[in-house]
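> structure for the following, please:
(one chain, ligands or ions: 1)
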Amino acid sequence: EDPANPKKVLAVNPKCTHEGCDVKWSAGEKKYECPCHGADFAADGKVLKGPASKALATYPAKIVGDRILVKV
Ligand code: FES
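Predicted coordinates for the structure are as follows:
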């Protein structure tokens, strides 16, 4: 892989913005689901369904070789 041309990826903080439960990625539905009160988030962290009203926190990240570097 060319280190000068890293693939762009997005690291998503899995803490629900409602009350802080850990959201789970649903591969079938391509979204994050919160087990506590049922909020849904898109792959980029945006709110799809309440009660959460704020998007999940995301961090810029990139793939370098076989590592993923996350900027926090
Ligand atoms: Fe996630 Fe309430 S903590 S919906």
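> near the ligand, which residues of this structure show up?
16, 18, 19, 21, 34, 36, 37, 38, 39, 51, 52 (CB under 6 Å from any ligand atom). Yep, even glycine has a C-beta here, placed from its N, CA and C like the rest.
> how about these in TSV, adding neighbour count?
Compiled in TSV, the residues of the chain next to the ligand are given as follows (neighbours: other CB atoms under 10 Å):
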residue	neighbour count
16	22
18	18
19	12
21	15
34	24
36	14
37	12
38	12
39	23
51	14
52	22
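> what are the phi and psi values at the residue nearest the centre of the chain?
Per CA atoms, centre = their mean, the C-alpha nearest to the average position across the chain is that of residue 12, at 2.7 Å. Dihedral pair for residue 12: phi -110, psi 130, per degrees, to the nearest 10.
> that one and residue 60 touch, don't they?
No: with contact defined as CB atoms under 8 Å, residue 12 does not reach residue 60; the gap is 11.4 Å.
> need the overlap of contacts for the two.
Common contacts of residue 12 and residue 60 (CB atoms under 8 Å, 6 or more residues apart in numbering): none found.
> low pLDDT regions in the protein?
Scanning the chain with the threshold set as pLDDT under 70 gives 1-8.
> strands along that one, start to end?
7-12, 24-26, 31-33, 40-41, 47-49, 58-64, 67-70 (DSSP state E).
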